[in-house]
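# After the sequence you'll find the predicted model.
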Amino acid sequence: MTQTRIWQLTPAQYITTVSDALGVTISMPRLLPTVREDYFLNDATALAISDVSFANLEEDLRAQLLAQEDAISARLPCAVAAIDATCAGKFLATVGAVAQGQVTPNTASALQVFTTLSPQAGPRAALDDALLALLMSPSVLFRTELGPQDPSFGVGAPTASATAPASATATAPTASATAPAATVSLTPVELAKALSYAVTNAPPDETLRNHAADGTLAKPDVFASELNRLMASPRGNDGVRSFLIDWAGLASYSGLEKDLLVFPEFTDTLKQAMINETTQFIDYIIGQRGGSFVDLMTLEQSFVDPAETAIYGLQATAPSGQLTTLPAGQRMGLFTQPAVLSMISDPALSGVIYRGKFVLDRFLCLPLTPPPNVVAEFPDFTALGPNATVKQRLGLVESITQCGSCHKMLDPPGFAMEHYDSIGRYQDQDQGTAIDATGALTFTRYTQQPFADARQMYQTLATSPDVRACLTRQAFRYVFGRTETPTDDPVLIGAYRQFATSGNLVALVPQLISSAAFSLRERTAQ
């Protein structure tokens, strides 16, 4: 069970929260994602804010308040010339309700900033300082999952409501006098935030805030209804999109760099075109292909940007917003797209090991760590000659006793993608020799079929029970913001059974949210 915790918003969640609260769209390019390998961006144990990033946040947020001054002023409940403590208090309450995710926000400290600074700085400037204090407060940067502040409070397992929609069965807990005191339910406000950020990657809207304020969100049928309402809302796929972006290794795409001496064509324009293609493709799979996992993996069409024609070896692409058929026999699905391939490559080389590790981690849930205290002698590649291929070189590494056990798992999926260089461009030769991308994942249980290349490998992965079990775990890690434990097996088994049958990615996230564990926390000893 998830322990009580304080959970920092991700950069994307924070920017959306502030934008919604102010009623304007803000941009904060220096608010970069936390980079931590093998974790989702919203992992509660990985998120952190340093003194430098906090200072950057203050500077950038102040700049945004100034840049949006007119738009913000237009939302005031009074004229700019008439701003006083009453007007400022009403506006701070409006902003705070959205930013803090509750009907009655705590804005006393922000209002005190206004009243203190207003005589010297002027009311409008003082209001910006008050907004800065409010939007940088812990109650906005973080959200709590501590439960009621009565340490004796306990709950039992929730029961399904007879009126709950079938697609979102009971989740919100029901109090029980016999339950262990260490198990607590989230408060209605905490539950509203957990639900909203999981589904929409944004703060609770007014309807959800009202259900939290009157306590009705704790009723299983109301919770199920709100889950369905959010899933059907314009932002209903944002959580699934965020999960897929993170799972595909693209969370830190903005920081991607390549060796420009080797790839001078890797310009900012190309980089942006690549990620535009991928996000549009993901949205298409979610919105128009029923969230099909098989289509995500194997569809032979994509939204190729004109800037990518050279990468794809195409003469032209379909008009903007329309699908382009991919070159025959070369690509399919999300994971042969240039944006993904570039992220799992070396700055100058294809990166067999990076790519192999990616497949093991993301599709098979088999993370590899170097064995401790092992010093292996690096092989002598000179005997292979100057034109040795990557596969020949790594074959020597695999023959080393200390290295072989890992490389026999890493190399086959990595070699499968050798037809793509560091920026995802198709290639058929390595050092003048035809690329050998054949292999097999012989170490798996249900995914041992031999493959000729990445296309065949991803076709096998698309229907493998091994992969669907792993992806269920990956979705759990995203929704719950932590790694699973053996006590989570009932939740995982239930979600896996649904996903193994349907292959529906859109249903996977709400299936996990619909579990009792989503609303319960284990209170740690004080």
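Perfect, thanks for sending it.
# Could you use CA atoms for every contact and neighbour count after this?
OK.
# Which neighbouring elements make contact with the helix or strand bottoming out on mean pLDDT in the chain?
Least confident helix or strand of the chain, by mean pLDDT, DSSP states H and E, is helix 390-398 with a mean of 85. Judged by 3 or more Cα pairs under 8 Å, 6 or more residues apart in numbering; DSSP states H and E, helix 390-398 is in contact with helix 401-416.
# So for the helix it packs on, mean pLDDT?
Mean pLDDT, computed over helix 401-416, is 90.
# quick one: average pLDDT of the helix or strand just after it?
Counting by DSSP states H and E, the next helix or strand C-terminal to helix 401-416 is strand 429-430. For strand 429-430, the mean pLDDT works out to 92.
# Please apply the same query to stretch 232-245.
95.
# And the contacts of it?
If you take Cα atoms under 8 Å, 6 or more residues apart in numbering as the criterion, stretch 232-245 is touched by 40, 197-201, 230-231, 251, 279, 282-283, 286-287, 475, 478, 505-506, 509.
# Counting neighbours, which of those residues end up buried?
By neighbour count, with 16 or more other Cα atoms under 10 Å, the contacts of stretch 232-245 hold 40, 197-201, 230-231, 251, 279, 282-283, 286, 475, 478, 505-506, 509 as buried.
# residues touching the closest residue in space to Arg355 that isn't next to it in sequence, list them.
Counting by Cα to Cα, 6 or more residues apart in numbering, the nearest residue to Arg355 once its immediate chain neighbours are dropped is Gly414, at 4.9 Å. Going by Cα under 8 Å, 6+ apart, Gly414 touches 351-357, 359.
# now Val509
Val509 makes contact with 199, 239-240, 475-476, 479, according to Cα under 8 Å, 6+ apart.
# Equivalent analysis for Thr4, please.
145-147, 521-524.
# Also Cys406?
Neighbours of Cys406 in contact, by Cα under 8 Å, 6+ apart: Leu368.
# Walk me through the domains of this structure.
The chain breaks down by automatic domain parsing into domains covering 1-145, 347-463.
# measure the shortest one end to end?
Domain 347-463 has an end-to-end distance of 32 Å (Cα to Cα, to the nearest Å).
# In strands, which of the contacts of stretch 232-245 fall?
In strands, judged by DSSP state E, none of the contacts of stretch 232-245 are found.
# Mind checking which of those residues land in helices?
Of the positions in the contacts of stretch 232-245, 197-200, 230-231, 279, 282-283, 286-287, 475, 478, 505-506, 509 sit in helices, assigned by DSSP state H.
# What segments of the stretch 1-150 of the chain are strands?
For the stretch 1-150 of the chain, the strands defined by DSSP state E, counting those that start in this stretch cover 5-8, 142-145.
# Would you reformat the ones you listed as a markdown table and include mean pLDDT?
Conversion of the strands of the stretch 1-150 of the chain to a markdown table gives the following (pLDDT from 0 to 100):
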| stretch | mean pLDDT |
| --- | --- |
| strand 5-8 | 93 |
| strand 142-145 | 95 |
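# Just tell me which of those strands ends up closest to Ala440.
Taking Cα to Cα, strand 5-8 is the member of the strands of the stretch 1-150 of the chain nearest to Ala440, at 40.6 Å.
# mind listing what's buried in the closest one?
Buried, per 16+ other Cα under 10 Å, within strand 5-8: 5, 7-8.
# Strand partners (parallel or antiparallel) of it?
Strand 5-8 pairs in its sheet with strand 142-145 (antiparallel), by DSSP bridges.
# The next helix or strand after the strand it pairs with pairs with which strands?
Next in sequence after strand 142-145, counting helices and strands by DSSP H and E, comes strand 183-185. With DSSP bridges as the test, strand 183-185 is paired with strand 520-522 (antiparallel).
# Relative to Phe114, how far out is the residue of the chain most remote from its centre?
The outermost residue of the chain, judged against the average C-alpha position, is Ala383 (45.4 Å), by Cα atoms, centre = their mean. Look at Ala383 and Phe114: by Cα to Cα, they are 75 Å apart.
# How about Ala232?
Separation of Ala232 from Phe114 (Cα to Cα): 40 Å.
# of these two, who's got more company?
Taking neighbours as other Cα atoms under 10 Å, Ala232 and Phe114 compare with Phe114 leading, 27 against 11.
# Any quick PyMOL command for the buried ones out of the contacts of Thr4?
To isolate the buried members of the contacts of Thr4 in PyMOL, using 16+ other Cα under 10 Å:
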select buried, resi 145+146+147+521+522+523
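# Need the contacts of Thr4 in TSV (columns: distance to Thr389).
Shown next, in TSV, are the contacts of Thr4 (distance: Cα to Cα, whole Å):
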residue	distance to Thr389
Glu145	53
Leu146	55
Gly147	58
Arg521	53
Glu522	53
Arg523	55
Thr524	54
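# pLDDT check: weakest of the contacts of Thr4?
Thr524 (71).
# For the chain, which residues score under the pLDDT cut-off?
For the chain, applying pLDDT under 70 flags the ranges 32-39, 150-181, 372, 375-376, 525-526.
# ends of stretch 325-340, how far apart?
18 Å.
# Contacts only, for Pro306.
Here Pro306 is in contact with 316-317 (criterion: Cα under 8 Å, 6+ apart).
# again with Thr324
If you count contacts by Cα under 8 Å, 6+ apart, Thr324 has them with 301-304, 317-318.
# same thing with Gln315?
Here Gln315 is in contact with Thr309 (Cα under 8 Å, 6+ apart).
# For it, give me the backbone phi and psi.
Torsion angles at Gln315 (phi, psi; degrees, to the nearest 10) stand at phi -80, psi -30.
# Please shift the residue numbers so they start at 881 in all later answers.
Fine by me, first position is 881 from now on; the one you just mentioned is Gln1195.
# all helices of the stretch 1081-1230 of the chain, in order?
Listed in chain order, the helices of the stretch 1081-1230 of the chain (DSSP state H, counting those that start in this stretch) span 1086-1093, 1100-1112, 1118-1127, 1148-1168, 1173-1178, 1189-1192, 1218-1223.
# Could you find the closest non-adjacent residue to Gln944?
Of all residues not flanking Gln944 in the chain, Ile906 sits nearest, at 6.4 Å (Cα to Cα, 6+ apart).
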